[in-house]
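**Student:** Need a 3D model of the following:
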Amino acid sequence: MACRGLVLQYLFCFLAFTAWAQDTAAPVRKFVFTEQNPDLFELNAFGGVSLFRGVSDEGFTESLVKGGTAGGRASWNFSKYFSLEGNYNFAVNNARLGGSASTTQLFQGTFGEQIQSASLNPVYHFTKRGSKVRPYVTAGVGASWFLPTKKAQAQYPEIEKSSEVAFNYGGGLKYHLTPHLGFRFDARGVFQRNPLFGLMSAPSAYFSGLQATAGLVFYLGQAKGPATAVVAPAPALKLQPLNPGALSGASEQLCQGRVLTLHATATDPLGHALSYQWKVNGTAVGTNDPDLSYKPNNAGDFEFEVYVADRSDPARIVRLGPKTLAVQDYALPQISGVTASPNTVTVGGEGATNQSVILAADVVTTPCNGNMSYQWTVSEGNLTKTAGPSAVFDPASLNFDSGLGQTKTITATVTATDEAGHSASQTTKFVVDFPAQYKRLADVIFAKNSARVNNCGKRILIEQAAPQAGTAFDVLLVGHRSADELESVPSSGRTLHSSTLDRQRALSVAAVLTGDHGVCGNLDISQVRICAAGTEQISPADEGFCGTSTIPQTAERRGAEVSEEDKERRVEVYLVPKGSAVLPPAARNATVVLGGNVRALGCPK
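**Tutor:** Below is the predicted model of the structure:
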């Protein structure tokens, strides 16, 4: 326990220095404490730590685990410097016993164990009875009882209680908080023969330990008189006056509730330590320090002054100030308005602006509630550049249902907070329009000079177009033919007379969607519109060939097979929201399908 010895050595040096300093700190004027506190009797309740060093002797090893201690002391200060003190403390330090191969018959293991100690100590104080600060040293003798816990005795019946004579030595410090209440710190070493707990006759080894405690002291009795001042004769040499310097600082904006700082630059040509007494409007404030930090709680004029004195000769004193400072009133933050520009934006589809919305808050500030911070939030979507009184909203961050026209009203909120933690909030609204959008499905591809819908085309129409059309969408069909095809084919069977090939193809697709029996859909004829684009190929082909991941392979009848060469022999298939005026570029002259024309075709087989 080299550390324990080092701690006690430092403690004794500190106590001696404290006592010496009280007698030498003020060579010109010395304040003597003459039993100014009621220190005749003391009661001390304490708590702390209990540390012991392990021992090893004749193959037997023993250690006490680090633990805590608590207890009380009663002291009688029968003279100015000496007192007699009784001490009782209770510690929890589990025991750990072991042995070498030669001592295997001994108990080996760890068990719960408590220590109760009592001692009687004379105490020597370095300052007189009644002093505010009393460093001390002490040494004494007593007894320690080592008591295994009930649980340990039940588990290890061979373990017995043990008691030993114990010596203690150390020191500490007592400090008066009030005349009848103080604080005490104590550190002392403990020396005693190690306990054997009834397991064998004790070897010659001894335990040593350290107990460090702190606690409150209750003082009983009466003080014998007030403190008296013993003034040394004034020196014959006339001392130089203090250099007053200046009262500086408080150059920042002075506001109610904001801390201001002043500094006294007075110096002593003799180099003596100085004391400071600050006053604001005639009332003492602050600490004994050349700097003053002061927070005015109201607006108005404040008069500051400081008295600087030589600590060793208070007659050498100088006054700095007064300095009058005007403190401004504090005002809560206010937001006079929040704007969104533009107030309405359109996103998605034709005619979309995709324009960001600039949000701006008009915040009323004063010098006393500056350094504002801002927090922006929106009911939906994302904001950027939110650190200041403005922010940017990205309409593209909103989610809309595909195809259907929608309008969303977004609420933006800004909160402005000043450095005192007071805040104000205000909101604004703006509109984001998402126009109705058409959807394009895969093209229905035809064989050369044919208007017959093959099996692959029927799958696109029956499995994709018909289920999605309904109350929300109409179907728009745009027929095409390639430049190497006939403009029209001869009328035969169900082929309509005097129709161009591109129109016949669009009508054939409409018949599949509305045939209402067999392999055809039951879409209402009023929900289908067609147009014929001829050889004009405005929109790129979106071939609906079977055998892809989205359109499984389907067997085709002879003569109905199509390939990449047929991609311009097609009908474009669109789902258009009802009532929407936004149509695909290829649908220049879309018309409602004539019911008779489609019924004449029937449901293609």
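**Student:** What ranges in the stretch 1-150 of the chain fall below the confidence cut-off?
**Tutor:** Applying pLDDT under 70 to the stretch 1-150 of the chain flags the ranges 1-35, 58-59, 99-107.
**Student:** now the strands for it?
**Tutor:** For the stretch 1-150 of the chain, the strands defined by DSSP state E, counting those that start in this stretch cover 29-32, 41-52, 55-57, 60-64, 67-76, 82-92, 95-99, 109-111, 113-125, 133-148.
**Student:** Any chance of these in TSV with mean neighbour count and distance to Leu507 as columns?
**Tutor:** Quick note: C-beta positions are derived from backbone N, CA and C, even for glycine. Below are the strands of the stretch 1-150 of the chain laid out as TSV (neighbours: other CB atoms under 10 Å; distance: least, CB to CB, whole Å):
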stretch	mean neighbour count	distance to Leu507
strand 29-32	14	118
strand 41-52	19	99
strand 55-57	15	109
strand 60-64	21	103
strand 67-76	18	98
strand 82-92	18	99
strand 95-99	19	101
strand 109-111	14	98
strand 113-125	19	103
strand 133-148	20	105
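**Student:** Of the ones you listed, which is nearest Thr417?
**Tutor:** Evaluated with CB to CB, these place strand 41-52 nearest to Thr417, the distance being 44.6 Å.
**Student:** Tell me the strands beside the closest one, with direction?
**Tutor:** Using DSSP bridges, the strands paired with strand 41-52 are strand 67-76 (antiparallel), strand 206-220 (antiparallel).
**Student:** And the strands of the stretch 1-150 of the chain: which comes nearest Ala315?
**Tutor:** Comparing the strands of the stretch 1-150 of the chain by CB to CB, strand 29-32 comes nearest, at 9.4 Å.
**Student:** And Pro577, how far from Asn455?
**Tutor:** Using CB to CB, to the nearest Å, one gets 30 Å for the distance from Pro577 to Asn455.
**Student:** More neighbours: which of those two?
**Tutor:** Using other CB atoms under 10 Å, the more surrounded residue of Pro577 and Asn455 is Pro577, with 18 against 14.
**Student:** Ignoring the adjacent residues along the chain, who's closest to that one?
**Tutor:** Nearest in space to Pro577, with sequence neighbours left out and distances taken as CB to CB, 6 or more residues apart in numbering, is Ala436 at 3.7 Å.
**Student:** The one you found in helix, strand or coil?
**Tutor:** With DSSP: H, G, I helix; E, B strand; the rest coil as the basis, Ala436 sits in coil.
**Student:** cool, and Pro296?
**Tutor:** coil.
**Student:** May I have the phi/psi pair for it?
**Tutor:** The phi/psi pair for Pro296 (degrees, to the nearest 10) reads phi -70, psi 130.
**Student:** ok now do it, which residues does it touch?
**Tutor:** 254, 256-258, 260, 302, 327 (CB atoms under 8 Å, 6 or more residues apart in numbering).
**Student:** And Gly221, by the same measure?
**Tutor:** The neighbourhood of Gly221, defined by CB under 8 Å, 6+ apart, consists of 38-41.
**Student:** still on that earlier bit, would TSV of the contacts of Pro296 with distance to Asp474 be doable?
**Tutor:** Below are the contacts of Pro296 laid out as TSV (distance: CB to CB, whole Å):
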residue	distance to Asp474
Leu254	73
Gln256	69
Gly257	68
Arg258	68
Leu260	75
Phe302	80
Val327	74
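**Student:** From those residues, which land in strands?
**Tutor:** In strands, defined here by DSSP state E, the members of these are 260, 302, 327.
**Student:** residue nearest the centroid of this protein?
**Tutor:** Gln375 (16.6 Å; CA atoms, centre = their mean).
**Student:** okay, that one: pLDDT?
**Tutor:** You'll see Gln375 listed with a pLDDT of 90.
**Student:** From Thr409, how far off is it?
**Tutor:** 21 Å.
**Student:** likewise Thr365?
**Tutor:** From Thr365 to Thr409 the distance is 30 Å (CB to CB).
**Student:** now do Tyr219
**Tutor:** Per CB to CB, Tyr219 is found 74 Å from Thr409.
**Student:** Of these two, which one has the most company?
**Tutor:** Taking other CB under 10 Å, Tyr219 and Thr409 do not tie; Tyr219 has more neighbours (23 against 11).
**Student:** And the more buried one, what's its pLDDT?
**Tutor:** For Tyr219, the predicted pLDDT is 92.
**Student:** do the same with His497
**Tutor:** 48.
**Student:** And Glu556, by the same measure?
**Tutor:** If you check Glu556, the pLDDT there is 76.
**Student:** Looks like it contacts Gly457 (just checking).
**Tutor:** No: Glu556 is beyond contact range of Gly457, at 9.9 Å (criterion: CB atoms under 8 Å).
**Student:** okay, those two: which has more neighbours?
**Tutor:** Using other CB under 10 Å as the criterion, Glu556 and Gly457 rank with Gly457 on top: 30 against 15.
**Student:** What helix or strand is that one located in?
**Tutor:** helix 455-460 (DSSP states H and E).
**Student:** where does the protein have its least confident helix or strand?
**Tutor:** Lowest mean confidence among the helices and strands of the chain (mean pLDDT, DSSP states H and E): strand 29-32, at a mean of 40.
**Student:** Run through the stretch 201-350 of the chain and note the low-pLDDT ranges.
**Tutor:** 201-204, 223-239, 252, 349-350.
**Student:** how about the strands in it?
**Tutor:** Secondary structure of the stretch 201-350 of the chain (DSSP E, counting those that start in this stretch): strands at 206-220, 228-231, 247-249, 260-264, 274-280, 283-285, 291-294, 300-310, 313-327, 334-341, 344-346.
**Student:** Identify each buried residue in the last one, please.
**Tutor:** It refers to strand 344-346. Buried positions in strand 344-346, judged by neighbour count with 16 or more other CB atoms under 10 Å: 345-346.
**Student:** Given that strand, what are its sheet partners and their directions?
**Tutor:** The pairing partners recorded for strand 344-346 under DSSP bridges are strand 423-434 (parallel).
**Student:** which stretches of the stretch 401-550 of the chain aren't confidently modelled?
**Tutor:** Short version for the stretch 401-550 of the chain, where the test is pLDDT under 70: 401-404, 490-498, 518, 547, 549.
**Student:** what are the ranges of the helices in it?
**Tutor:** Under the criterion DSSP state H, counting those that start in this stretch, helices of the stretch 401-550 of the chain are mapped to 455-460, 466-468, 501-514.
**Student:** Deepest in the core, which of the ones you listed is it.
**Tutor:** Comparing the helices of the stretch 401-550 of the chain by mean neighbour count (mean count of other CB atoms under 10 Å), helix 501-514 comes out on top with a mean of 27.
**Student:** got the domain boundaries for the protein?
**Tutor:** The record's domain split for the chain, according to automatic domain parsing, is 2-220, 247-327, 334-434, 439-601.
**Student:** Output these as CSV; include the columns distance to Gln240.
**Tutor:** Shown next, in CSV, are the domains of the chain (distance: least, CB to CB, whole Å):
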stretch, distance to Gln240
domain 2-220, 15
domain 247-327, 5
domain 334-434, 44
domain 439-601, 96
